[in-house]
Structure formats: C-alpha cells, structure tokens
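>>> structure for the following, please:
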Amino acid sequence: MGRYMPKDVVAAVIINKPDGKQERFVLKDQDELRIGREESNDILISESGVSRFHATLSASTNGVVLSDLASLNGTFVNGVKLSGMRDVSSTDKVQIGATKIRLELTTEGASPESRSSRARAMTAQMRPISVSVLVLRLVPKVSDDELSEQVRAVTDSWIASVKEVIEEFDGIVDKKLGASIVALWIGDDPKNQALRAIRACQRTQERTAAELPDFQAQGAIASGLGLRGAPNDTAFQDGAVRGVDVHSVDSAGARHLNIVGDPINIAFQIAELHSQTEASVLLDKQTGIHIKSTLDLASIGEVDGFDDPLFTVSSHPSFCR
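Numbers count the residues shown, from 1 in each chain. A predicted model of the protein is given here:
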C-alpha cells in the first residue's frame, strides 16, 4: 500500500479537492466519517452542490460501507449514482460534487459477499419514517450593525426559550448553530408532526416578539422520509448525534437511530431564502401537502435558488398543544 497502518485501521481515505489540495483520513474498526458542507462533519466539502449532511463512510472488520444521506445532488461510485448504501473497495472511485474520494483498504482478502454483509445488515434493519425539520434563526428586524452585535448577547437565552417550546410540542432538539436551532419531529404521523413543527415555530415567534421586540425568529420547515434503525441495534449504539444521526427512545424504551438526510438539507436550503420574501415561516411542498386540509396556506411561488414552490401559513393550528 505504500504506507504502514496499524492493525486496527481498516482503511485510509484520500480526499482530492478540485483546487488540487489533498486530505487524508484514517478509518478504524467501528469508526464513521461524516461528509458534507456543514462544518460539524468530519470531512468538510465546501461546495454549493454538496448537501450539508451528504454521506457517511462506516468501517468494520469486513470493510467499508458508503451511505448517501438522501443528498440533493447525489453520491457517485464509479460514475453511477448511489442509492442508499454499498460496500466500497480500493478500486472504487467515489465522487461528491467536484471532490474525488478513494480508499486504501488494509486488506482486500475478504470476499465481496463478506465485505458487503454490513451494508446488507444495515439496510435490512432500516425502515422509512416520516420526518419534519424546523430550522429557526434569530435575526434583527432591520439591518443594523449594532443590533447584529446584540444577537450574540441574547442568543443563549433565546436558544433556551426555543428548546422549551420544541419540547412542549414533542420535538427533538437536534443542534444549535450560532443563532439558529434545528428541531426534528420523527414518527409515523406526518400530518401531526408537520403541524407540531409549525405550531412550535409560531409559538417561538410569539415569544420572540414579546421578549425581543427588535428581533424576529425566521422559520423554515421541510418534511420527507428518513430511515429508522432497528431498536437497540448494536451497529448503531455508539453513533454520535450530529445532525443526521439522531437517537430516540420509543414508548417501550427501545433505542433507535434515525438517519435524516433530505428533509434537513432542504430545510437549510429554504432557510437561506427568507431575504426573497416577507413571510416569517417558509414551508416546502411536502409540508404543504401534509397540512393543506387543516390550515390555510398562502403560496409563495417559486423563488431563485429553489425549484419547487414554497408556502407560508395564514392561520394558526390552535388545536395543537
């Protein structure tokens, strides 16, 4: 291989950036590397065509599994778009955006059937789940340098208040990103989950208006499908919560790992579009489909940078706790 690697190392991961720079990472047994545009990823790819949470590389003694997290523009292996998961070897060429990735496995001695057993096991134990993602961001009502500085001073108290609201409406606080917070509603009732996300957004906006009159809370909500692992699946029990991998406990106390790819990427994309509209909350098409029979929606139409139509809410779901 050209480089010595310790016995517990499964593979070296070589990242070739479009500017010619190269990065090298090491995958040990049971390690996972997360790839995407968000800074919390292990492998950061700062390209506009790369999703914030794009893909993962997972290692075991059987080899390495590449998983696409329902990214918007896809992950490609040997020129073919990846759907879900597959095992990868030293001969495979992986591409995400304009970045090329190759692996140097410490051994290729195992049969393809053995090397793919982890991918098959992971896929077999995953099932689709409904997800609604809410991204909330605190911003000044008017463009003012002094107010922009004040955002930092009030962020911690605002985040604490938002967390209370999210938990009141049975959401999961996923992560904090500066003056933004990400929340998830995961389960088998897409309509109710979307309604709770909307009500949590509106309650946060009401609190913000009362407590911080110079600021506003902008909301973006996207809905779609994620994947849920089998309860207490040992393959997932040491996974870190990092925006795309979310542990939850069901009513029976069983622990699941939920992989949320596409909805969270879309919610982040929508959150960047507030400057093109006066709406305080933006909903993607799928969220609109879920709740259109219950709430009055107003169409935003198409905006630059997003292909599908967007909606906002013109009535409050007051029946929802």
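
>>> and the pLDDT at P263?
With respect to pLDDT, P263 scores 83.

>>> for it, what are phi and psi?
Per-residue torsions, P263: phi -60, psi -40 (degrees, to the nearest 10).

>>> give the contact list for it.
P263 sits next to V131, S132, V133, A222, S223, G224, L225, G226 when contact means CB atoms under 8 Å, 6 or more residues apart in numbering. The way it works is simple: take the backbone N, C-alpha and C, and place the C-beta from them, glycine included.

>>> least confident of these?
Among the contacts of P263, G226 carries the weakest pLDDT, at 73.

>>> is it true that it touches V133?
No - contact criterion CB atoms under 8 Å: G226 and V133 do not qualify, at 9.3 Å.

>>> so for the two, which residue has more residues nearby?
Set G226 next to V133 and count neighbours by other CB atoms under 10 Å: V133 wins out with 30 against 24.

>>> look up how far D284 lies from the residue nearest to the more buried one when sequence neighbours are not counted.
Closest residue to V133 apart from its sequence neighbours, by CB to CB, 6 or more residues apart in numbering: A267 at 4.1 Å. As judged by CB to CB, to the nearest Å, A267 and D284 stand 8 Å apart.

>>> where do the contact lists of these two overlap?
I221, A222.

>>> the more surrounded of the two?
Higher neighbour count among A267 and D284: A267, with 30 against 24, using other CB under 10 Å.

>>> returning to that earlier point: quick one: the residue nearest to V133 is in a strand?
No - under DSSP: H, G, I helix; E, B strand; the rest coil, A267 falls outside any strand and is assigned helix.

>>> give the contact list for it.
A267 is in contact with V133, L134, V135, V182, A220, I221, A222, D284, counting by CB under 8 Å, 6+ apart.

>>> list the buried residues in the strand or helix carrying V154.
For V154, the host element (DSSP states H and E) is helix 145-168. Under the neighbour-count criterion of 16 or more other CB atoms under 10 Å, helix 145-168 has V151, V154, T155, W158, I159, S161, V162, V165, I166 buried.

>>> cool, stretch 28-43 as well?
Under 16+ other CB under 10 Å, the buried positions of stretch 28-43 are D31, E32, L33, R34, I35, G36, R37, E38, N41, D42, I43.

>>> Q205: which of those is nearest?
Nearest to Q205 out of those is E38 (CB to CB; 24.8 Å).

>>> surely that closest one touches I45?
No - using CB under 8 Å, E38 is not in contact with I45, being 9.9 Å away.

>>> what about K141, neighbour count?
The burial count for K141: 12, using other CB under 10 Å.

>>> look up how far S280 lies from it.
Distance from K141 to S280, by CB to CB: 11 Å.

>>> quick check: neighbours shared by those two?
Q216.

>>> where does pLDDT dip in this structure?
1-7, 107-127, 144-148, 227-261, 315-321 (pLDDT under 70).

>>> report the contact partners of the closest residue to F306 other than its chain neighbours.
Nearest residue to F306, sequence neighbours excluded (CB to CB, 6+ apart): L273, at 6.0 Å. Taking CB under 8 Å, 6+ apart, we find L273 in contact with A220, L282, V303, G305, F306, L310.

>>> hang on, isn't the fifth one packed against N265?
Right, the one you point to is F306. No - counting by CB under 8 Å, F306 does not reach N265; the two are 12.0 Å apart.

>>> okay, these two: which has more neighbours?
Using other CB under 10 Å as the criterion, F306 and N265 rank with N265 on top: 27 against 18.

>>> for that one, which non-adjacent residue is closest in space?
N265 sits nearest to S51 (CB to CB, 6+ apart), 4.2 Å away.

>>> quick one: neighbours of the closest residue to N78 other than its chain neighbours, just the number.
Spatial nearest neighbour of N78, chain neighbours left out: K93 (5.5 Å); criterion: CB to CB, 6+ apart. Neighbour count for K93, taken as other CB under 10 Å: 13.

>>> ramachandran angles for K93?
phi -110, psi 110.

>>> distance check, it against V77.
7 Å.

>>> flag every buried residue along stretch 199-210.
Buried residues in stretch 199-210 (16+ other CB under 10 Å): R199, A200, C201, Q202, R203, T204, Q205, R207, T208.

>>> among those residues, which one lies nearest to K81?
C201 (33.6 Å).

>>> the closest one reaches V133, doesn't it?
No - counting by CB under 8 Å, C201 sits too far from V133 to count as a contact (11.3 Å).
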